[in-house]
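>>> Sequence below, structure please.
(2 chains)
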Amino acid sequence: MKVKKRKNLAKGLLCLTFFIFVGSTAWAQNPRPRIYVGSDGCMKCHETEYENFTKYARKSRSFQSVQNMKKGLTPEEIEGCYSCHTTGYGKRGGFVSPEKTPELTDAGCEVCHGPGGRHAETGDPDDLTVEVTIEICAVCHIQERVKAFRYKPMVHGGAH
Amino acid sequence: MTGLIDTLLKKSGLRVKILVATIGVVGGFTGLFLYQTLSFHSKSALDQVAEASQHLLENTYSAIKYPMSIGDSTTVEEQLKDIKNHMEGVEVYISDFQDNLTYASEENRIDTKVMTYLWEEETQKALSNVMNTGQSPEKSFREFRGDEAFMVTILPLLNESACHHCHGASRKVLGAMVVKHPVKEVYSALASARNRLVGFSLVEILGIILVINFLFNRLVTQRIHALAEKTGQVSAGDITVEVQDDHLDSIGWLSRNFNQMIRNIRDRMEYANSLKVGISEPFFMVDREMMLTFINAAAAKVAGVRREDVEGKKTCQQIFKSNVCETDCPIKKAMDTGEATLGQKVIMKNAAGKEIPNIVSGAALKDSDGKILGGFEIIRDISKEVEAELTLKESFLKEEEEKERLQKRVENLSEILKQVAAGDLTVRAEGSGESDAMDQLVERTNETLDHMKDLISQTKKSALTVVGGVRHMSEGNQELSQRTQQQAATVEQTSATVEELVSNVNQNAANTQRADSLSKEAVAVAVEGGETVARTTQAMNDIAEGSRKIVEMMDLINEITFQTNLLSINAAVEAARAGEQGRGFAVVANEVRNLANRSSDASKDIQNLVRNIMNEVNTGKEWVSELENGFKRIIQTIKQVSDALSEVSLATQDSSRGIEQIGQGVEELSDVTEDNAALVDELASATEQLNEKAGLLQSMTEKFILGDGGDIEVEELSFKKSFRVPKMERRGTKPPTIRPLREDLVVQQPMEEKVEDSIETELDEGFEEF
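A predicted model of the protein is given here:
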C-alpha cells in the first residue's frame, strides 16, 4: 500500500515538473505579463469593494507607517517592514521599492486575494483566491502583532 | 582688631555690653532659626512640587504608553491636549532619540528640538545623559527665566519588546519624556512666607532686646550704679554709707554683704579706737618720722606735757628724752624689723628733769599690705616696783635665818619620832620654851606618846584574854565536831538498815505476787481438770447408754434366734414329712438349728458381758463423780489461798510505803546533820582566823618598849588546828558504809587529853605556827 502511494507521489512530481517546464517555456516565449497590478487595478471592476477597502482597512495605508518610522531604522529593518506593509514584496512581480513599484506600496487587495494580473486579463474568478482563509491573514498577522495592534480579521467582518 | 574690641569693651558701660551681647545672641539664634525654618520650608515645598511633577510624569507616561505601543498617535496627541487644557502651565514633551519632538502638549512645537525648551545647562546635560544611557536622573531640575520658574522632570523612553515592531530592536533608547511643571507660584508663596517670617523675627528680636534692656536696667544696672556710688564714698573714707536693696538675688546679697562689710569695718575701727583710748598705761603713737600722732593722758602726765601741745607737733624724743632714744629706740627697732620690742627698761626724764625708771614695749603699725605706717609705745612706770624690790630682799634674808632655826627643831623632833617608830615609847621631846607652834607640836607629840603607851599596855592584856577565850571556843568546837561526826555515822547506819528493810519488803511483795500468780494458775489447771472430769462423766453416761442399747439389741437377736430355731424345727418336721426328698433339707434345717442355738448362746454371753460392762460403768461414774467433787474442793481451796496472798501483798505494799517514809525521815535527819557539820566547820574556820588575829595582835604589841613595869609577860598560846567534818554522802547514791568519817581523826588523841595539857606547856614548847 505504501509502495503504491509513493509511486503515485513520484508520478505527480514528474507531471508537475513537466508542467512547470512547459509553463516556463511558454512564459519565456511570451512578453513579460504583469503579475501584481496593485489595488488601483481592481478599482475599475470592483469600485465598491475598493472604496470600502481604502476607507476602512488600515492596511490600505500601511506604507505610511513605514515612511513615518523609517528614520532611525537600519536598511535591513526597513526591508523587514516591506514584507507586510507592501504588496508582494519578495515575490515575483511584487513590490521592489517605492520608486520602482509605487502602485504596490501599501498592503493592497492582492495581499489576500493573490496576484491579480491574469484575473485582470481574463476576468475569470478562478484566477484569483476568492475565498480567503485565516491562514492567508496569519502570514503577517502573527500572534504577537495581533495582540499589539487589536487585529480583527476582515475575513470575518466582511470588509468589502 | 582684638585690641580695639577690648578697648571698646573696657570703655563701654555694662548696659551697652549687655545690650550688644543680647542683640548678638538673640539675633544670631533667631537668624539661625530663621534660616533653618526657611530652608526647611523651601526644601519641603520644592520636594512636594518635585514629587508632584514626578507623579505627573509617571501618570502621563502610563496614559500614553498603551496608545504608543499600538501606534495610536491620535490618542497620544489627545492625551497631551487634555493635559494642556486641564493643567495650566504644565508642558509635556516626547522626543525621539535625536531630540526632535514627536509629541508635545504645545502642538506647534512638534518637530522642533526639545533642547530649545530647556534653559538650564544642567537640565540639558541631564537630557543628553538620559538619551545616551537610558538612566533616569532620579531627581527634578529647577529652571528660571525672568519671572518664570519650572520644575523639570525627565523620563527615558526605553526600547521595550513591545516597541520593536515599529522601532526595530537596534536602539536601546527611543527618546525621552520631559515634563515642565510651573513653580512660580510656589516660589512666590515661599518668598511671601519668608518675608513674613523675617518681619516677625525682627519684631521679636526688637521686643526681646527692649524687654531685656529694660529689665537689665531696672534689675541690674541701676542697682550696680547705686552700689558703685556707695563704694566710691567708702573708698573716699566715708564709712557711714549704707545701700538700700532688699532683693533676694545676687545683687541684693552683694548689697547686704557690702552693708555688713561696712559695719564690720566700722566695728573694727571703733574697736581699735576703744583699745587706743582704753589703755590706761602711758601710751603714744608716732608716724614714720617719729612725730606724735596720739598721746594719752597718762603718757602726757609722765612727760609733763599737754596733749594739744604735742600731738602732730613734736617727736617722742623731744618730750620723753629717754636714754635709748638715740641708740636703741624700741619703736624704731620695731619699725625696722617689723617685730614688737617687749619689756625694755629705759630711764626717762620728765619735764621737771626727774629720772623715772620705766619698762617700755614698742611695735609697728601696719596697713593691710604690711606697709609700716608708724609705731606705738606703751610705758610702765616701775619706780614703785624698784623700791619694793629692795624691801623684799631684806625680808628674804630674815626669813632664811628663821627657816634654819625651825629646821633644826624639826630635826630634833624627828629624831624622837624615829626612836618611837623603832618601838621605844620611853623617849620624850623637849621644847624650846618659846611657846610657839613648834613647842605646841612637841607637847602634843609627848602627850600622844603617853596615850600610845597606855593603849598598847591595855592591848597586850586584852590580847591575852582573847587568846584564852579563843582556845576555849576551839576546844568546844572540836567536841561539837566529834559529836556531829558520831551522829552522822549513826544516821548513815540507820539509813543503810532502812534501805535493807525496804529491799526485803520489796522482795516479799514480789514473792507474794508470784505466789498469787501461781495460785491463780493452779486454779486454772484445777478448773481444766474439773472440766475433763465432767467430760469423762458424760463419756461414761454415753457408754452406759450404748450398753443399754446393746442389751436391747441382744434381746432382739435372742428373739430372732428363737424364731430361727422354731423355723428350723418346723423345717426338720417338714423335711421328715417329705421323706427321702427332704433329707437334704433336713440336714440344712439341722444346721440352721445348730446355728440358732449357737447364736442364742453367743447372744447370752454378750448380754452377760454387756451387763458386766454396765455395772463397771456405773462404778466408774460414781468414782468420776467423787473426782469432780474433789476438784471443786481443790479450786475453792486454791482461791482462798490466792485471796490470802492478795491480802498479804497489799499489807506488804503498805509496809513498803511506811518504810519509805522512815527512809525519807532518815534522809532529812542526814541533811540536818550535814548542815550542822558544815556549820561546825565554818565555826572552826572562824575560830582559827580569830586565833591568828589574836596571835598577830600579840606579836605586834610585843614590839613596843613600855618601861615602868608596863611590859607584862605574855603567854604564847597554841591551838590545834580544828578539823573539818566531811560532807555526808546522800543515801542511795552510794551503798551506806558503817565506818568512821575520818579515820585519821579518830585515831588522833582525844580532845579531853589535849585539854588537860596546860597552856604553859604549850608556850614552853614555843609558838606553833599555823
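
>>> which one is the one residue in chain B that gets nearest to chain A nearest to, not counting chain neighbours?
Nearest to chain A in chain B, going by C-beta to the nearest C-beta, is residue B:168, at a distance of 4.0 Å. Just so you know, the C-beta spots here come from the backbone N, C-alpha and C atoms, and that holds for glycine as well. Nearest non-adjacent residue to residue B:168, counting by C-beta to C-beta, 6 or more residues apart in numbering or on different chains: residue A:77, 4.0 Å away.

>>> Show the pLDDT at the residue of chain B closest to chain A.
Among the per-residue scores, residue B:168 holds a pLDDT of 84.

>>> That one reaches residue A:71, doesn't it?
No. Residue B:168 lies out of contact with residue A:71 (C-beta atoms under 8 Å); the separation is 11.2 Å.

>>> Neighbour count: the two, which is higher?
The neighbour comparison of residue B:168 against residue A:71 (other C-beta atoms under 10 Å in any protein chain shown) goes to residue B:168, with 20 against 10.

>>> who's in contact with that one?
A:72, A:73, A:74, A:77, A:80 (C-beta atoms under 8 Å, 6 or more residues apart in numbering or on different chains).

>>> Pull out the buried residues from those.
Buried by 16 or more other C-beta atoms under 10 Å in any protein chain shown: A:73, A:77, out of these.

>>> would you turn the contacts of residue B:168 into CSV with pLDDT and secondary structure?
Shown next, in CSV, are the contacts of residue B:168 (pLDDT from 0 to 100; DSSP: H, G, I helix; E, B strand; the rest coil):
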residue, pLDDT, secondary structure
A:72, 79, coil
A:73, 87, coil
A:74, 88, coil
A:77, 89, helix
A:80, 88, helix
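
>>> As a check, name the ranges of all helices in chain A.
Per DSSP state H, chain A carries helices over the ranges A:2-29, A:39-43, A:47-56, A:62-69, A:75-85, A:109-113, A:117-122, A:134-137, A:143-148, A:154-157.

>>> Count the neighbours of residue 88 for me.
This is for chain A. By other C-beta under 10 Å, the residues close to residue A:88 number 23.

>>> Hmm, no, I was thinking of chain B.
Neighbours of residue B:88 under the rule other C-beta under 10 Å: 7.

>>> And residue B:672, by the same measure?
The tally of other residues near residue B:672 (other C-beta under 10 Å) stands at 12.

>>> Heading C-terminal from the host helix or strand of residue B:52, find the next helix or strand.
For residue B:52, the element it lies in under DSSP states H and E is helix B:14-69. Counting by DSSP H and E, the element after helix B:14-69 in chain order, helix or strand, is helix B:73-86.

>>> roughly how far apart are residue B:203 and residue B:196?
11 Å (C-beta to C-beta, to the nearest Å).

>>> no, scratch that, I was asking about residue B:322
From residue B:322 to residue B:196 the distance is 94 Å (C-beta to C-beta).

>>> same thing with residue A:58?
For residue A:58, the distance to residue B:196 equals 61 Å [C-beta to C-beta].

>>> quick one: which of those two has more around it?
Shown here are residue A:58 and residue B:196; by other C-beta under 10 Å, residue A:58 has more neighbours (13 against 10).

>>> so which residue of chain A comes closest to chain B?
residue A:77 (4.0 Å).

>>> That residue and residue B:332: what is the separation?
Residue A:77 is 128 Å from residue B:332, by C-beta to C-beta.
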